[in-house]
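**Student:** the following comprises the amino acid sequence and a computationally predicted model.
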Amino acid sequence: MPAVSKGDGMRGLAVFISDIRNCKSKEAEIKRINKELANIRSKFKGDKALDGYSKKKYVCKLLFIFLLGHDIDFGHMEAVNLLSSNKYTEKQIGYLFISVLVNSNSELIRLINNAIKNDLSSRNPTFMCLALHCIANVGSREMAEAFASEIPRILVAGDTMDSVKQSAALCLLRLYKTSPDLVLMGEWTSRVVHLLNDQHMGVVTAAISLITCLSQKNPDEFKTCVSLAVSRLSRIVSSASTDLQDYTYYFVPAPWLSCKLLRLLQCYPPPEDGAVKGRLVECLETILNKAQEPPKSKKVQHSNAKNAILFEAISLIIHYDSEPNLLVRACNQLGQFLQHRETNLRYLALESMCTLASSEFSHEAVKTHIETVINALKTERDVSVRQRAADLLYAMCDRSNAKQIVAEMLSYLETADYSIREEMVLKVAILAEKYAVDYSWYVDTILNLIRIAGDYVSEEVWYRVIQIVINRDDVQGYAAKTVFEALQAPACHENMVKVGGYILGEFGNLIAGDPRSSPLVQFNLLHSKFHLCSVPTRALLLSAYIKFINLFPETKATIQEVLRCDSQIRNSDVELQQRAVEYLKLSSIASTDVLATVLEEMPPFPERESSILAKLKKKKGPGAVSVTELEDSKRESGELNGAGERGPDPSVMAASNASTPSPSADLLGIRSAAPVSNAPASAGSLLVDVFSEAGPAASSGAVNDDGFLSSAPPSEDPAPPLSEAEELLNKFVCKNNGVLFENQLLQIGIKSEYRQNLGRMYLFYGNKTSVQFASFTTTVSCPGELQSHLNVQSKPVEPLVEGGAQIQQVLNIECLTDFSDAPLLNIKFRYGGALQNLTLKLPVTINKFFQPTEMASQDFFQRWKQLSQPQQEAQKIFKANHSMDTEVIKAKLLGLGMALLDNVDPNPENYVCAGVIQTKSQQVGCLLRLEPNAQAQMYRLTLRCSKDSVSKRLCELLAQQF
């Protein structure tokens, strides 16, 4: 690259930067910047023509001002003019300005493209590299349309310099990621693949990144790369560190290239050619042998490079799953890392062994390390390593070690981190069911699970144990006896009461012969827990009581007395009141035969997939099991008398032969519109690369300069909003991230952030099926008056969504004034030829634009009194819909967006908050007071705002959150 001469120092720029750094305040900085902008503008508009040096200097200053966060609305033409300069430094600054400040919709894009074409055809390698870097940095669809056919020619040309080839390969990779439909390799395919044989290692390293990406999309077109990749890998692995001096990193030859080659080979099955396969196996054996050699350096860089290649090689061995010798050797090598002093190595070893455990060739080898893994679960300091140890125990479990592993996991649960307890509970429940030979052991395990981690035992787990007990006659008596003993503990978890109520209500007669568990003793034991339980559990217990009347007629008078008391037949909860009245009447007027018919024992559940497996399958995040692992689990769980996904809904216990599906709890707190599909879930989490979106499809609406579509009026035939749209909206009032909607085809996730009156929302559309979605379009509309209150702009989405893939859409939101309605999101696509059309409400509510405001007690009540006009206050007294837990209430109030003020209200039980809603037209001050009454399970919510419509809307939204 040309050296920069002394004259290119740009002293004026250095002085300006120094002045900015010496500014004592923000105002002084803005004043200095405005002065400089005025000077630059006058220079650009002056009669005297500026030379290249001056243009470069002033453009540099504009770029610096922009990087400080100020808007630049001139100087673009001067930057474009610099592109035609023959001086490297001037051209460089021009390209830098273009890359940072010019968007793809600019009117100057044609001039820029012409300048880039001139540089690409100049054959000056330095200028060609600058042009290629600019194309890659901008990466727009317009750039792809203009240069996608030119860059492959430069890449494979025999007279192109190596540095240009590297830039061309990476530039083409960038364009392919943004606009894959425009980058068609066609005739260039074989010549691009043969870049793997290039003499220059830098060219090979850049080309392999491109080839790997292309191979993932079009594996058949690029399958010839396998033999070339094996050949290149063989030469690197067998070389000494002195053979590749320029590309040797701490005695490891070309580690980055080796890792990329191994990753490329994972895109394909094992080579069919015996010679190629033999050479590859030899390479992998050499890598495993080198891992056993003493290190050539004590530096951490040496071990990192060496281990990076080793782990990539092990991933390839696992991917092929066809070489028993290599799989066992890989397992033994990973076993050595389990006790390594480096935490990262222990983590990676556990993660890789989880996958090895699913192979028939290496499963037994993995099991030999069970004691080491159990020790890691008990002693590791890092929670992520402990979680991986738990995952590995789950993966290596079989009939020979199930009892040991379940016992260890139960033991660990007592001290496990709260973040992984729910997943641990699911895994223990699955293993206990999957490998239960003795069902009394299964019952003991699940009851122990509820005792240890009751708060994390989901409905699916206790549903499942009841389903299995009902389906297994040989375990019903033991289950009744065991649960009766468990209920005698002074502190008993509510889930244990649910299981106890259900099982004793069905099978209490099997233990009634023992005086210690006589019918009256059973009833008194259950009823002693009644006042401590929530409404759903009380409902289940009332159903158990009426079952007792059928099983044990001698308890009829006692139970009728309980049902007749005011606390039951006059209960404030309509469900409990109705049950008490109906059960009392049923027991009074029905004959013994009618009662026996109505209240007969529940029939066996049909054999279906375990609902716990379905829940674990839905669970995302670290430690989630793979689809393959789950399918294996499903096959093995078929050995049990498994029940369906419906749970034992307490409302049907009293009905004869009635078995209605109860809604299974969703891990993300969302009501699914349909059962979970067995198709692959959408890949990736919500935290994906926000710059990876680029789609040609556009919904109706005007496109602004940033490529965003303005919110459109409702389309001609939108579907009406879903019946649960309002319910889904309410779930996001106090949170910004999560899954908005999910059915058997589509999952829609949301990640959003707000600042003052502006917001940005990322929507993630996941195809849960294996079939492509065609003609995929989305339209965001603001119905009625909302258009004048809220401005929503959206980026277009890709029209095709591959099976198992996920696409992203970005929305920009501006609050113009306060509003009460929500914008609508209409989604249309074709699945298997059928048009799918659904409309949801986007979770954009007025509280998203809160700015928290801290206040002292005196200031709060002074402001409270100022907002004393009747129309400024909104108040609501309502019954608690959720548990009145202090931490949960605080989390919801903070999620609302206001500042939670401590030590302000005279009553410490009350909560007070303050905030200001930022809109474009005005600011609305808001004060909140929430008064809980734990004894009555009621709240009084009071809001006072400087605008009455805001008070009412916030009161409506918040009343549904508590």
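**Tutor:** Yes, it's here.

**Student:** pull the residues that contact the helix or strand harbouring Asn113.
**Tutor:** Counting by DSSP states H and E, the element that carries Asn113 is helix 109-120. Residues outside helix 109-120 that contact it (C-beta atoms under 8 Å, 6 or more residues apart in numbering): 80, 83-84, 91, 98, 102, 106, 127-128, 130-132, 134-135, 142-143, 146-147, 150, 154. Quick note: C-beta positions are derived from backbone N, CA and C, even for glycine.

**Student:** go on, stretch 564-583?
**Tutor:** Under the contact criterion C-beta under 8 Å, 6+ apart, stretch 564-583 has outside partners 535, 538-539, 542-543, 545-546, 562-563, 584, 654, 879.

**Student:** among those residues, the buried ones, what's the PyMOL command?
**Tutor:** Typed into PyMOL, the line below selects the buried ones among the contacts of stretch 564-583, using 16 or more other C-beta atoms under 10 Å:
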select buried, resi 538+539+542+543+545+546+562+563+584+654
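
**Student:** mind checking which of the contacts of stretch 564-583 land in helices?
**Tutor:** 535, 538-539, 542-543, 545-546, 562-563, 584 (DSSP state H).

**Student:** need those in JSON lines (columns: distance to Gln858 and pLDDT).
**Tutor:** As requested, these are exported to JSON lines (distance: C-beta to C-beta, whole Å; pLDDT from 0 to 100):
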{"residue": "Val535", "distance to Gln858": "41", "pLDDT": "92"}
{"residue": "Arg538", "distance to Gln858": "45", "pLDDT": "92"}
{"residue": "Ala539", "distance to Gln858": "48", "pLDDT": "92"}
{"residue": "Leu542", "distance to Gln858": "51", "pLDDT": "93"}
{"residue": "Ser543", "distance to Gln858": "54", "pLDDT": "92"}
{"residue": "Tyr545", "distance to Gln858": "55", "pLDDT": "92"}
{"residue": "Ile546", "distance to Gln858": "58", "pLDDT": "91"}
{"residue": "Val562", "distance to Gln858": "52", "pLDDT": "90"}
{"residue": "Leu563", "distance to Gln858": "54", "pLDDT": "90"}
{"residue": "Leu584", "distance to Gln858": "56", "pLDDT": "91"}
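
**Student:** got the domain boundaries for this protein?
**Tutor:** 10-76, 374-599, 724-844, 847-961 (the TED database).

**Student:** so which of those domains is nearest Leu261?
**Tutor:** Smallest distance to Leu261 across the domains of the chain (C-beta to C-beta): 26.0 Å, for domain 724-844.

**Student:** endpoints of the closest one, how far apart?
**Tutor:** Taking C-alpha to C-alpha, to the nearest Å, domain 724-844 runs 16 Å from one end to the other.

**Student:** make JSON lines from the domains of the chain and add distance to Leu233 to it.
**Tutor:** Converted to JSON lines, these look like this (distance: least, C-beta to C-beta, whole Å):
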{"stretch": "domain 10-76", "distance to Leu233": "43"}
{"stretch": "domain 374-599", "distance to Leu233": "29"}
{"stretch": "domain 724-844", "distance to Leu233": "29"}
{"stretch": "domain 847-961", "distance to Leu233": "51"}
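
**Student:** out of the ones you listed, which is closest to Lys223?
**Tutor:** Among these, the nearest to Lys223 by C-beta to C-beta is domain 724-844 (20.1 Å).

**Student:** circling back to that earlier point, so which of the contacts of helix 109-120 sit within strands?
**Tutor:** If you go by DSSP state E, the contacts of helix 109-120 have nothing in strands.

**Student:** if any of these are buried, give me the ChimeraX selection for them.
**Tutor:** Restricted to buried positions by 16+ other C-beta under 10 Å, the ChimeraX selection for the contacts of helix 109-120 reads:
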select :80,83,91,98,102,106,127,128,130,131,132,134,135,142,143,146,147,154
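
**Student:** now the ones in helices among the contacts of stretch 564-583 in CSV, with distance to Ile452?
**Tutor:** Formatted as CSV, those follow (distance: C-beta to C-beta, whole Å):
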residue, distance to Ile452
Val535, 25
Arg538, 25
Ala539, 26
Leu542, 28
Ser543, 27
Tyr545, 29
Ile546, 32
Val562, 32
Leu563, 34
Leu584, 38
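
**Student:** and the two most separated of these?
**Tutor:** Val535 and Leu584 (18.4 Å).

**Student:** how about the contacts made by Asn448?
**Tutor:** Contact analysis of Asn448 by C-beta under 8 Å, 6+ apart lists Leu410.

**Student:** oh, and call the first residue 43 from now on, that's how I've got it
**Tutor:** Understood, numbering begins at 43; the last thing we discussed is Asn490.

**Student:** in the helix holding Asn155, what counts as buried?
**Tutor:** 151, 153-155, 157-158, 161-162.

**Student:** then stretch 327-344?
**Tutor:** By 16+ other C-beta under 10 Å, the buried positions in stretch 327-344 come out as 327, 329-330, 333, 344.

**Student:** Tyr484 belongs to a helix, doesn't it?
**Tutor:** Yes - membership of Tyr484 in a helix is supported by DSSP: H, G, I helix; E, B strand; the rest coil.

**Student:** SS state for the nearest residue to Phe116 once chain neighbours are set aside?
**Tutor:** Distances taken as C-beta to C-beta, 6 or more residues apart in numbering place Arg83 nearest to Phe116, at 6.3 Å, with adjacent residues excluded. At Arg83 the chain is in helix, as set by three-state DSSP.

**Student:** where does Arg83 land on pLDDT?
**Tutor:** Looking at Arg83, its pLDDT stands at 90.

**Student:** Glu120 versus that one, what's the distance?
**Tutor:** As judged by C-beta to C-beta, to the nearest Å, Arg83 and Glu120 stand 11 Å apart.

**Student:** likewise for Tyr587?
**Tutor:** Using C-beta to C-beta, one gets 86 Å for the distance from Tyr587 to Glu120.

**Student:** one more: Val427?
**Tutor:** 56 Å.

**Student:** returning to what we had before: which one of the domains of the chain lies closest to Arg216?
**Tutor:** domain 766-886 (17.1 Å).

**Student:** average pLDDT for the closest one?
**Tutor:** Mean predicted confidence for domain 766-886 is 87.

**Student:** and what of stretch 95-115?
**Tutor:** 90.

**Student:** so what touches it?
**Tutor:** Residues contacting stretch 95-115 (C-beta under 8 Å, 6+ apart): 49-50, 52, 54-55, 58-59, 62, 71, 75, 78-79, 82, 85-86, 92, 116-117, 120-121, 123-124, 131-132, 135-136, 138-139, 142-143.

**Student:** go with 6 Å
**Tutor:** 52, 54-55, 58, 75, 82, 117, 120-121, 124, 132, 135, 139 (C-beta atoms under 6 Å, 6 or more residues apart in numbering).

**Student:** with just CA atoms, put it into PDB.
**Tutor:** The C-alpha coordinates for stretch 95-115 follow below in PDB (Å, rounded to 0.1, in the frame of the first residue of the first chain):
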ATOM      1  CA  TYR A  95      -6.000  18.000  -0.500                       C
ATOM      2  CA  SER A  96      -8.500  20.600   0.700                       C
ATOM      3  CA  LYS A  97     -11.500  18.500  -0.400                       C
ATOM      4  CA  LYS A  98     -10.000  15.500   1.400                       C
ATOM      5  CA  LYS A  99      -9.400  17.500   4.600                       C
ATOM      6  CA  TYR A 100     -12.900  19.000   4.700                       C
ATOM      7  CA  VAL A 101     -14.500  15.600   3.900                       C
ATOM      8  CA  CYS A 102     -12.500  14.100   6.700                       C
ATOM      9  CA  LYS A 103     -13.800  16.800   9.100                       C
ATOM     10  CA  LEU A 104     -17.400  16.000   8.000                       C
ATOM     11  CA  LEU A 105     -16.800  12.300   8.600                       C
ATOM     12  CA  PHE A 106     -15.400  13.000  12.100                       C
ATOM     13  CA  ILE A 107     -18.400  15.200  12.900                       C
ATOM     14  CA  PHE A 108     -20.800  12.500  11.800                       C
ATOM     15  CA  LEU A 109     -19.000   9.900  14.000                       C
ATOM     16  CA  LEU A 110     -19.500  12.300  16.900                       C
ATOM     17  CA  GLY A 111     -23.300  11.800  16.400                       C
ATOM     18  CA  HIS A 112     -24.200  14.900  14.400                       C
ATOM     19  CA  ASP A 113     -26.200  14.900  11.200                       C
ATOM     20  CA  ILE A 114     -24.400  15.700   7.900                       C
ATOM     21  CA  ASP A 115     -26.500  16.900   5.000                       C
END
